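In: Next come a sequence and a model predicted from it.
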Amino acid sequence: MSCPRCGFAEPGPVECPRCGVVFAKLDRPPRPATTEPAEGPAPLPGPRVTWLDAGLLVALVASVAVIVMRETAPGPPAPPVPAVVPRRAPPPLARSRPPSPAPESRVSASSAVESPDVVPALPGSGPHRTVAPTLDGGLPSIGPAVDPPLPLEDAEALGALSRLLEGREPIESAHVDQAEAIFRRHPGRSEAGRILGEILRAAARQARERGRTTTALRYLQRATDLLPEQSDVWLNLVRAHEETGAWREAERVARRGLSRLPADSSMHLALARALSRQGRDEDAADVLRRYLARGDDPAVRRELARLEKELLSVAGLARRNSSHFTVRFEGETDDALGGALLKVLEEKYDMLARILDCEPGREIPVVLLPRQTFRSASTAPEWAGAYYSRSDTRIRIGTRDLSPGFVPLDLERTLTHELAHAFIHSRTGGAIPDDVNEGLAQYLSGKRLGYRLDPRRAEVRDGRMKVDDFYDSALSFVEFLLDRYRQPTVNDLLQYAGETRSVDQAFERAFHQSYEKTREEWLKSLQ
């Protein structure tokens with residue numbers, strides 16, 4: 001018997017000593033083909049992947065991702081971000097689903113808490129918000145949003161308009177339209193609103209200087225329509241109406257401004273001023289009292305104190321009205337005196353309107369107070385017995401005991417003098433030198449100097465002059481103007497002063513030389 005595998009001649013009873021085959025196994029039935037070992041060399045065992053290997057692999061991928069993000073992100077490079085080893089073990093690589101992304105690549109608030117060095121992109125944050133990690137590694141703080149830059153064309157246009165304002169160059173309608181167009185494109189930009197307001201104000205000022213009052217008012221009205229939340233645009237329009245004596249219009253604008261800015265103290269003062277100029281002092285005081293019930297402002301308190309003092313001074317006085325005047329005087333039942341006062345005032349009104357070729361265009365309040373009350377209630381100097389107030393456009397006169405139905409000659413001249421001031425102020429808006437104002441009021445009330453003034457009395461020393469010297473030199477100067485240029489040219493001077501609000505421009509247009517040059521000629525004539 002030989003071995004059935006290797007052919008050894010004496011294999012033995014159990015197994016072949018040469019090839020080691022067991023003879024009993026050769027008698028078993030064959031296994032299925034699928035279980036037969038494949039021919040050829042056996043495959044090498046695969047490498048074993050450990051948990052440490054997986055962690056290092058994830059850390060390496062995270063580091064590479066951070067470096068790539070840092071290189072591609074805009075702006076200055078961020079500080080180096082250290083590799084972050086995940087706190088939870090990664091899933092086995094043998095699973096069929098793809099591995100989870102590295103913690104540094106997640107854009108969520110939770111990843112920022114787990115890994116403080118990661119800066120999250122918060123929902124709603126756009127290109128105008130800056131998010132930076134805090135020094136202590138906590139959650140980042142977010143500052144206020146920064147306005148995006150204006151388009152280059154609009155930014156350059158605003159710069160050109162700003163330079164135009166600085167140089168006080170002429171403002172044309174095209175400049176106004178350009179500023180408004182930029183504002184409408186960027187309504188939330190404070191710079192666009194500021195430039196638009198200044199352009200409209202400058203355009204109104206220049207139109208007024210050219211005598212185009214209606215155009216000036218239109219520009220100021222346009223500012224209130226476009227910029228209703230700015231207090232100064234309402235105040236500019238109120239002042240424009242005040243300068244023309246349109247107190248009802250000033251009241252209307254002030255009330256509109258208060259409807260938009262109910263807590264603005266300056267708007268309350270503007271409304272109170274407009275009411276007071278219409279003789280409605282009690283209404284004006286109520287406006288200021290209502291404001292002080294909610295807040296406090298020194299200017300409001302001062303104006304209310306002045307109004308209450310005025311109301312106290314006229315308490316108990318009789319009141320009479322005519323077409324141009326409201327007269328208050330002592331003597332409740334003295335109708336004859338009231339009638340005589342109104343008759344004199346209306347006669348002098350007609351005379352001044354004819355000579356000056358203008359009218360105030362509003363009712364003029366006249367208050368005749370007893371001398372003692374006049375001293376305590378008025379702001380006039382001690383030597384004055386009457387005065388016209390530019391602030392409230394009222395004539396106040398301190399009187400002695402008056403006879404029923406009779407106006408003394410000195411009171412008649414005083415009424416004419418102060419009434420002339422009311423005409424001049426209404427015509428010029430106050431843009432007239434004091435010597436012209438006082439000299440013309442004296443001349444129109446019938447006073448004449450009657451002699452050549454000593455030039456030394458017209459000199460101003462340390463900014464001061466004696467009262468008599470000032471009044472006499474003022475009358476002399478006006479007599480010089482009327483003698484050389486006549487009344488119509490002096491009337492033109494008043495008109496130009498009101499239109500330009502400039503003394504020198506008015507003198508240049510009326511007399512073709514400046515105010516100082518005109519005074520020099522007058523002083524030479526006194527030599």
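Out: Arrived safely.
In: Kindly export stretch 186-195 (C-alpha atoms) in CSV.
Out: The C-alpha coordinates for stretch 186-195 follow below in CSV (Å, rounded to 0.1, in the frame of the first residue of the first chain):
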residue,chain,number,x,y,z
HIS,A,186,-30.6,107.6,0.7
PRO,A,187,-33.3,108.9,3.1
GLY,A,188,-31.7,107.3,6.2
ARG,A,189,-28.3,109.0,5.7
SER,A,190,-27.8,111.9,8.1
GLU,A,191,-25.2,113.5,5.9
ALA,A,192,-27.5,113.7,3.0
GLY,A,193,-30.2,115.2,5.1
ARG,A,194,-27.8,117.8,6.6
ILE,A,195,-26.5,118.9,3.2
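In: what residues does it touch?
Out: For stretch 186-195, contacts defined as CB atoms under 8 Å, 6 or more residues apart in numbering pick out Asp147, Leu150, Asp154, Leu158, Leu161, Ser162, Leu165, Ala179, Ile182, Phe183, Leu227, Gln230. All C-beta spots, glycine's among them, are computed from the backbone N, C-alpha and C.
In: Let's see which of these end up in helices.
Out: Counting by DSSP state H, the contacts of stretch 186-195 place Asp154, Leu158, Leu161, Ser162, Leu165, Ala179, Ile182, Phe183 in helices.
In: List only those of those flagged as buried.
Out: Asp154, Leu158, Leu161, Ala179, Ile182, Phe183 (16 or more other CB atoms under 10 Å).
In: what would those look like in CSV with distance to Glu412 and pLDDT?
Out: As requested, these are exported to CSV (distance: CB to CB, whole Å; pLDDT from 0 to 100):
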residue, distance to Glu412, pLDDT
Asp154, 65, 89
Leu158, 60, 91
Leu161, 56, 92
Ala179, 55, 94
Ile182, 60, 93
Phe183, 57, 93
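In: Now do the SS call for Gln513.
Out: coil (DSSP: H, G, I helix; E, B strand; the rest coil).
In: quick one, what contacts the closest residue to it other than its chain neighbours?
Out: Counting by CB to CB, 6 or more residues apart in numbering, Phe507 is the residue found nearest to Gln513 once chain neighbours are left out, at 6.5 Å. Counting by CB under 8 Å, 6+ apart, Phe507 touches Leu493, Gln513, Ser514, Tyr515, Thr518.
In: Out of those, give me the one that has the most neighbours.
Out: Neighbour tally across the contacts of Phe507 (other CB atoms under 10 Å): the maximum, 25 neighbours, falls on Leu493.
In: and the strand ranked longest in the chain, C-alpha only, in PDB?
Out: Counting residues, the longest strand found in the chain (DSSP state E) is strand 364-370. The C-alpha trace of strand 364-370 is given here as PDB (Å, rounded to 0.1, in the frame of the first residue of the first chain):
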ATOM      1  CA  ILE A 364     -50.200 147.800  16.100                       C
ATOM      2  CA  PRO A 365     -50.700 147.500  19.900                       C
ATOM      3  CA  VAL A 366     -50.400 150.800  21.800                       C
ATOM      4  CA  VAL A 367     -50.300 150.800  25.600                       C
ATOM      5  CA  LEU A 368     -50.500 154.000  27.700                       C
ATOM      6  CA  LEU A 369     -49.400 153.300  31.200                       C
ATOM      7  CA  PRO A 370     -49.200 155.500  34.300                       C
END
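In: and that strand, what other elements does it pack with?
Out: In terms of contact count using 3 or more CB pairs under 8 Å, 6 or more residues apart in numbering; DSSP states H and E, strand 364-370 is assigned the packing partners helix 298-314, strand 325-329, helix 335-356, strand 395-399, helix 409-428.
In: Centroid-nearest residue for the chain?
Out: Gln230 (4.6 Å; CA atoms, centre = their mean).
In: what's the spacing between stretch 313-330 and its chain's center?
Out: The chain centroid and the centroid of stretch 313-330 are separated by 41 Å under CA atoms, centre = their mean, to the nearest Å.
In: what about it, how long is it end to end?
Out: End-to-end span of stretch 313-330 (CA to CA, to the nearest Å): 11 Å.
In: how many neighbours does the nearest residue to Lys466 once chain neighbours are set aside have?
Out: Using CB to CB, 6+ apart and skipping residues adjacent in sequence, the residue nearest Lys466 is Arg457, 8.0 Å away. Residues within reach of Arg457, counting by other CB under 10 Å, total 15.
In: Quick check, Arg457 in contact with Leu475.
Out: No: counting by CB atoms under 8 Å, Arg457 stays clear of Leu475, with 11.5 Å between them.
In: Which stretches in the stretch 401-527 of the chain count as helices?
Out: Secondary structure of the stretch 401-527 of the chain, counting by DSSP state H, counting those that start in this stretch: helices at 409-428, 434-444, 467-500, 503-511, 515-525.
In: Select, out of these, the one closest to Leu337.
Out: Closest approach to Leu337 among those (CB to CB): helix 409-428, 11.0 Å.
In: where does the protein dip in pLDDT?
Out: Counting by pLDDT under 70, the chain has low-confidence residues at 1, 8-14, 17, 20-56, 58-148, 331-334, 401.
In: domain assignment for it?
Out: The record's domain parsing of the chain by automatic domain parsing lists 241-315, 319-423, 429-527.
In: Can you add distance to Arg208 and give the ones you listed back as a markdown table?
Out: Shown next, in a markdown table, are the domains of the chain (distance: least, CB to CB, whole Å):
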| stretch | distance to Arg208 |
| --- | --- |
| domain 241-315 | 8 |
| domain 319-423 | 17 |
| domain 429-527 | 7 |
